[in-house]
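1. Pasting the sequence and the predicted model now:
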Amino acid sequence: MALGLLRLGVASRASAQAPLPSLLGFRSADVPAERAREATLDAGIRPDSLRRHLRILTETPHVAGTPADLADAEYVRNRLIAYGWDAHLEAVPVYLNYPAEPVLELTEPTATPLATRERGLQWDKDAYDRDAFPAFHGYGAAGEVTAQVVYANYGDVDDFKKLAEVGIDVRGRIVLARYGRNFRGLKVRNAERAGAAGVIIYSDPADDGFARDDVYPRGQGRPEDAIQRGSVQYLSEGPGDPTTPGWGSTDKGKRLKPSEVKGIPKIPSIPLSWGEAKKILLALDGPRVPDAWQGGLELTYHMGPGPAKVHMKIGQNYSVRPIWNVIATLKGREAPDQWVIGGNHRDAWVHGANDPNSGTITMLEVARGIGALTRNGWRPRRTLVLCSWDGEEYGLLGSTEWCETNAAELKQKAVAYVNVDAAVGGHDFGVSGAHALGDVITEVINDVKDPGKGPSVGQVWADRLKNEGRADWARRNRERRWRGEPEQIFVPMPGSLGSGSDYTAFEDRLGIASCNLGFGGVGGVYHSQYDDFAFMDRVVDPGYAYHVAMVEIWSRLALRLAEAEAIPLRYSETGNFALEEIQTLDDRADDVNAALADSSKLKADLTALRAAATHLRDAGRTLESAVDRALTRGVWPDGSAASTNRLLIGAERNFIGAGLPGRTWFLNEIYAPGLNTGYAAVPLPRLGQAVLEHDAHAWRDGVEPIRAALERTATALQAK
């Protein structure tokens, strides 16, 4: 699934206020040994090994739960064992659907069949494979519908409001929506709530096709016939097996009946290429669309309905099937019950060279490099855990069920979780994550050279964020001057975590500091049959230089989190982030209020909320200064860093509350996806969602739970 969006940070780093050891969390005397380990690992990275793994893992389509998926799981397990890790398979029974061959045809004004498979390329053996499933949606509903079509732009809440405003009724009709802006499952949910009988989702070339880049095989743009498969589970309401919502899925455990399942659609849906969708769009009449709804095809888009009418017949085969996680450990020498966890999913809708197996091969090379370091007797201070997740594409199944099953142990032992999904889909580095990890991530990426641009990955990333956010940065400083506050320098920060990949259960439900890393691009072959070995080998990363950079980033981050004497989590950054976000939300509430009657305005006293965020920032700074002094002097007040590390491991857990309104699976009061976005983050979600929905009651009621979470965390950091 997609890498999280970036966020611009403007808060000054606590680390700038006092001299620090040359690596966060390390004594100066220990830094040379750590840097030597990293240099040794870098020197051993082999592009040919990465390429060989990718060819093997992408040889056949490997949808979750299929025999090819099991074969890949066994390959990953065997490689991890060969590299010196203790690795095993864990079978997880989950409720899944596989498709029957769909029927999709334009019946009016002219009968025209619509292709539900890619045509392929003659020279690329993987680009057309009859073993691949046809177009379908994970967790899609079965059904047969013949109805007029209505074009609904991106199919978000506002788009359906616009249709209603102009008098277009979607009830009993088939909605045609384009990919982008919000998660595909929410497009189906919104259409279902509006009374639609079915949904077709296509990829418009304005979003990831010829309007963005040369199309494959020349570039990364989406070809005319490429189909974006994917899940339509309502991800922002809760991921995981929908028959075991909130608890782990086991062979003999509790499971809802299919009739009791919520969070998946009841109307049929199917993905479609833009080449086939064009046939429908050309046949649509009705009002011309607003300018913002016009896509990239050379035609004038109309809303409908009619005269276009489509027949869709969608069959689904639902069953409880096994999927397979691979769990590998390298036991720590001093703190074996402190776990630094990394993960990538392995299942794909078809071949999955970029999503996800660029991440899988990166993980295998990280495992090989770290395993080689242990041959001379060295082991990390803390236990390293690597996880190859299954079922991510359906709805983060493997990781969510593992977290729910092992929740109590993870809350006690997990230090942090590092997620790498699609490691290399382009050349632009991106990171989203818990802000307590921001400093150590920045430190790591500043140590790794960008393969194509010369400076470090961190410098290229920071320059891009600064250029993209220059206007916003200037605006925020103007507002600070108006409030009588000092201006702040630009500091690049990780984007906030929403959902969309396997970090979700760790951060959003268990309160384990998490991040998501990767190099991104146009993503034009995303979830299509063209995301294959030839695409990666020829177009995206010939020579595998960006994969090598990701191995260096991931291995450094894992080693430093596992080996640092003091865990490098810095909660002053989270406090700074919270203060910035509170101000942003307050400003947005003012904008919303300008259009509302007095009785509906968003009103709440945010003084105590700001005080709690300030308390967290200051408590973090105090603890960080004490840690830095202890590392510099080589003396801890209580003899070791153990008690400090216990505080840091537990700090993120204090953001966990009773559950967000209407979606109680999500427990984190600081990080969550938007209810109507699916992937994209809405930080401080109670207040963020209230602003989006113009909900005065939710705005007022959302302050206290967030304040309490910030205050709990600040108080916990002062427990020494």
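-> Alright, I've got the coordinates.
2. Can you get me the centre-to-centre distance for stretch 655-663 and its chain?
-> 20 Å (Cα atoms, centre = their mean, to the nearest Å).
3. buried set for it?
-> Across stretch 655-663, burial judged by 16 or more other Cβ atoms under 10 Å covers 655, 656, 657, 659, 660, 661, 663. All C-beta spots, glycine's among them, are computed from the backbone N, C-alpha and C.
4. Would you map the helices across the stretch 151-300 of the chain?
-> Assigned by DSSP state H, counting those that start in this stretch, the stretch 151-300 of the chain shows helices spanning 157-165, 184-193, 205-208, 274-283.
5. Mind listing the strands the helix or strand that the last one is followed by pairs with, and their directions?
-> Toward the C-terminal end, the helix or strand that comes next after helix 274-283 (DSSP states H and E) is strand 309-314. In the sheet containing strand 309-314, its partner strands are strand 103-108 (antiparallel), strand 143-151 (antiparallel), by DSSP bridges.
6. Flag every buried residue along strand 309-314.
-> Here strand 309-314 shows 309, 310, 311, 312, 313, 314 as buried, counting by 16+ other Cβ under 10 Å.
7. Contacts only, for the first one.
-> Yep, that's residue 309 we're talking about. Residues near residue 309 by Cβ atoms under 8 Å, 6 or more residues apart in numbering: 106, 107, 108, 146, 147, 148, 149.
8. between those residues, which is nearest residue 629?
-> Set against residue 629, the nearest of the contacts of residue 309 by Cβ to Cβ is residue 149 (67.3 Å).
9. Bridging across strands, which residues link to the closest one?
-> Going by DSSP bridges, residue 149 forms beta bridges with residue 174.
10. And it, how close does it get to residue 117?
-> Distance of residue 149 to residue 117, given as Cβ to Cβ, to the nearest Å: 21 Å.
11. So for those two, which sits in the more crowded spot?
-> Neighbour totals were compared for residue 149 and residue 117, and residue 149 leads with 27 against 18 (other Cβ atoms under 10 Å).
12. so the more buried one sits right up against residue 304, yeah?
-> Yes. Residue 149 is in contact with residue 304 according to Cβ atoms under 8 Å; the separation is 5.4 Å.
13. Selection in ChimeraX covering whichever of the contacts of residue 309 are buried, please.
-> Remark: buried members of these, expressed as a ChimeraX selection using 16+ other Cβ under 10 Å:
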select :106,108,147,148,149
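14. Adding distance to residue 488 and pLDDT, write the contacts of residue 309 out as JSON lines.
-> Formatted as JSON lines, the contacts of residue 309 follow (distance: Cβ to Cβ, whole Å; pLDDT from 0 to 100):
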{"residue": "106", "distance to residue 488": "56", "pLDDT": "98"}
{"residue": "107", "distance to residue 488": "60", "pLDDT": "98"}
{"residue": "108", "distance to residue 488": "60", "pLDDT": "96"}
{"residue": "146", "distance to residue 488": "59", "pLDDT": "98"}
{"residue": "147", "distance to residue 488": "55", "pLDDT": "98"}
{"residue": "148", "distance to residue 488": "54", "pLDDT": "98"}
{"residue": "149", "distance to residue 488": "50", "pLDDT": "98"}
